[in-house]
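Enquirer: Dropping a prediction and its sequence here:
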Amino acid sequence: MSEFTAVAIFLLVGTGIVLFTFLLAKIIRPSVPDPVKLETYECGETPYGTAELQYNVRFYIYALLFVIFDVEAIFLFPWALVYRSLGLFAFIEMLIFIAILVFGLFYAWRKGVLKWF
């Protein structure tokens, strides 16, 4: 039996287990759901209005800025751990990376994106 045969058997057994579980869940579950269960869930509050609301673009920009600085932190920690062995070139690269992020932050600040209201 080759290695590929073992992998194929493993994939078939895994797929069979998943399909069996789906089939068993379909057989066991109730076929007529309660109308209350089909309502929009609003954390225990009675929903009002439609779910199609327009949000201010500013909230998306806050989220993007958060992701940008979160990614910066992800890159800074491993770099800081091996800083001594990397040398001057890596230090200059990190300064350029931080400068680009700071430039983006000041640009967003200058454009008034960071004003909450």
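Expert: Structure received. The model shown is predicted, which means the values in this text are computed figures rather than measured ones.
Enquirer: What are the phi and psi values at the residue nearest in space to the middle of the chain?
Expert: Nearest to the geometric centre of the chain sits residue 67, at 9.5 Å (Cα atoms, centre = their mean). Main-chain torsions, residue 67, degrees, to the nearest 10: phi -60, psi -40.
Enquirer: Okay, now the unreliable bits of the chain?
Expert: Residues of the chain that meet the criterion pLDDT under 70 lie in 1, 40-42, 44-47, 49-51, 116-117.
Enquirer: Quick one: the helices in it, in order.
Expert: 3-28, 57-81, 83-86, 88-110 (DSSP state H).
Enquirer: Need the ones you listed in a markdown table (columns: distance to residue 38).
Expert: Quick note: C-beta positions are derived from backbone N, CA and C, even for glycine. Listed next are the helices of the chain as a markdown table, based on distance: least, Cβ to Cβ, whole Å:
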| stretch | distance to residue 38 |
| --- | --- |
| helix 3-28 | 18 |
| helix 57-81 | 29 |
| helix 83-86 | 56 |
| helix 88-110 | 42 |
